[in-house]
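Q: can't give you the sequence, but here's the structure:
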Ligand code: FES
Ligand code: FES
């Protein structure tokens, strides 16, 4: 993790003389609650009164704060302990300052609820009175810190702290990237090449400039020399006095594009190619035992193919950024998941030293991975430069968002299993064909890379002696990006659907069969898996976060228990189950569906069990899991398809997402209780992967219809 | 051209083309940014405001056609304590929060008309408001809570 971890209270905490404790949140808030939860950890160890805590959002400054790239469900995983250290250290500094002030022994003073008390006399100092003296002390070494015992936590684990922005959100005062307003600010939109790699041949701005409010039309020239990484697409920018005028001006542009080499990207043809590749041997990524031999000897074999299309993150707040350049200094305000990565990109674009670039992180109106890529904010910076540093807000419309995405990849999978006469799976092969996100960063490797293999493909836990995982070739013909839970979506969809299909073929109960194929409780021994590349393990040490089948089986049992698995259901109803270890957490979901005579799907109930290690903010864990079920349904119905290199969907009318009238609204969340000695796992993403297969398994149980290809389209009415 | 508006009980005169959507007048001209843009084509509800008593999508409402007073999230209640706002906080509805102004305005209009809506009526009334974070189950319960307090 670039810039690692910082745990210095001088960086994260400041206390003013009135006793107000300001705690810096250095991770981006996009809906997980992290901007509240991490300061809450500090406040608890600091024994601060939450009503006297203020949260300050950090600038993009990793050398100061440590890693800020808010993705990979890592914020709590990586910063729970460091934030405890920050709080405990500050508490001890307050105690030390008091002891010094009174000339008493440190053992006689104790911090409690925003005060330090001298126990023998009962004398007290409020935190504010001690602030200066305490903050002047050096940070005590980590080994000297005394942490609260778990039973002394007041906020951690208690779900009693509402998100910091709750009131402001309900009154319209919370400030998102789209809400930034600077004096004299211009508003701009950009017409971008409809095909990635395309460019403008010629344009005519005469009519655009006649639109009232339009002030300027200019070409945004960019270098997209490979690796293009997150660089903008270029295009024609329309600068106006308000967003609407800019949009109308853009509509009036006459544009002649050259499409370039991706102009032939066509989803139907591409899918046929992927299917062919999935039916041929690929690159071996995991080779455990001898698949070929076992498969040839099997008494029964089963195969199935699955398809998950491109998806768009479609956060409710479209992309937007505001930039200005004054006296050789650039300042940006934007909803960025990776503010420091963005800052480095801005500095490079402007050829400025990084100290001359300041990045303010607003609230994010959703992110889901799209706002990791700073292309949109780079556009704002380039535009401000082209306007001699004027303040400019560069806004994306929804159409821009869906047409110029960093999309979820597209995946074609083929699975084959061989069974012995007793019905035990003895051979398992998974071939996965998907363009890789890493085509952004290096010459297109045309197959899933180590990180993607680690997202539920090569790292699955199976009690099967002969396992082979292969990848097939697929070139990236559009920009592939991060999407909540990333390749876990298609991988879990294929694997967990296939397991249910095997159960059906064997006449077994799907839950029992799932437990059987997970096998006995054990920590997988990596060297026995036959992995070609070392396991990514979400970037964390395997010794801390092993693949633990006991924990996986436990969530399966818990979800099944809560769902009353095995109960009799009326005709047209069914239960489906699926489980996935992802982002170092374990999640199992049971979806209940009912499908009426007209083929219309409803989802009356979802039971999800999550083991995410120690649960720091259970209330926000619940909200993430509830939301994951909704996003899971969106993943069932949405598709970004390409024709002539262009994304065919442009707004919510043809890119449907779950709404309140079809989404699951009875999602029950069961959090496995763990002590704080069990390291925190991810929460934001792991709820998503099991939902799709659990849903499709439930639809099969209800109707006998197996959905292997997404979007659901006319296979079922949603 | 000059257009007169009443927004949150205050008079405004704005100088914009009459076909400009109310949304952009609120946000860019007047500076009331609580009302959000999410789609621009009446698909997501993020831009919902009240014109008179009706919840409307300000992204497709031409400012020149606005004949009644407008209420935005900022003006729903002076202290931010409309029963729907309180219920939203009691039920801890928001995740990212971006859609919530629109959700709250839609729910407030529903409850002004239907005191005790059924689950189905809530679903129907709120189905034009997308929450990509997926807060729907809490929206359901918050509307129920609010219906007791309206
Ligand atoms: S912005 Fe008006 S409905 Fe989406
Ligand atoms: S809370 Fe994020 S879109 Fe609704």
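A: Everything's here; your move. Treat the numbers as computed from the prediction; the structure is a model and nothing was measured. Ligands and ions are numbered 1, 2, ... in the order given.
Q: count of neighbours near residue A:187?
A: Neighbourhood size, residue A:187 [other CB atoms under 10 Å in any protein chain shown]: 24. (Glycine included, C-beta is placed from N, CA and C.)
Q: which positions in stretch A:349-364 come out as buried?
A: Buried residues in stretch A:349-364, counted by 16 or more other CB atoms under 10 Å in any protein chain shown: A:349-350, A:352, A:354, A:357-364.
Q: also stretch B:74-92?
A: B:74-77, B:80, B:82-92.
Q: from the residues you listed, which ones fall inside helices?
A: B:83-90 (DSSP state H).
Q: got the domain ranges for chain B?
A: B:2-71, B:83-147 (the TED database).
Q: once you drop chain neighbours, what's closest to residue 4?
A: This is for chain A. In this structure, residue A:4 finds its nearest non-sequential neighbour in residue A:66, 5.7 Å apart by CB to CB, 6 or more residues apart in numbering or on different chains.
Q: that answer is for a different chain, and I need it for chain B
A: Nearest residue to residue B:4 in three dimensions, chain neighbours excluded: residue B:13, at 5.5 Å (CB to CB, 6+ apart).
Q: residue A:57 - how many residues pack around it?
A: 18.
Q: any weak-confidence spans in chain B?
A: Applying pLDDT under 70 to chain B flags residues B:150.
Q: one step back: could you dump the ones in helices among the buried residues of stretch B:74-92 to CSV with distance to ligand 2?
A: Output for these, formatted as CSV (distance: CB to the nearest ligand atom, whole Å):
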residue, distance to ligand 2
B:83, 20
B:84, 15
B:85, 15
B:86, 18
B:87, 15
B:88, 11
B:89, 14
B:90, 16
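Q: quick one: what helix or strand has residue A:345 in it?
A: Element membership of residue A:345 [criterion: DSSP states H and E] is helix A:339-350.
Q: each with direction, which strands does whichever helix or strand comes after that helix pair with?
A: Next helix or strand after helix A:339-350 toward the C-terminus (DSSP H and E): strand A:357-361. In the sheet, strand A:357-361 lines up against strand A:329-334 (parallel) (DSSP bridges).
Q: mind listing what's buried along the strand it pairs with?
A: For strand A:329-334, by 16+ other CB under 10 Å, it's A:330-334.
Q: out of those, which is nearest to chain B?
A: residue A:333 (12.8 Å; CB to the nearest CB).
Q: any idea how far ligand 2 is from the closest one?
A: When distance is defined by CB to the nearest ligand atom, to the nearest Å, residue A:333 is 19 Å away from ligand 2.
Q: isn't that residue up against residue A:362?
A: Yes - at 5.8 Å, residue A:333 and residue A:362 qualify as touching, with contact defined as CB atoms under 8 Å.
Q: what sits in contact with each of these two?
A: Jointly contacting residue A:333 and residue A:362 under the rule CB atoms under 8 Å, 6 or more residues apart in numbering or on different chains are A:177, A:180.
Q: neighbours of the residue nearest to residue A:266 when sequence neighbours are not counted, how many?
A: In this structure, residue A:266 finds its nearest non-sequential neighbour in residue A:643, 5.7 Å apart by CB to CB, 6+ apart. As a burial measure, residue A:643 scores 13 neighbours (other CB under 10 Å).
Q: sounds good, over and out.
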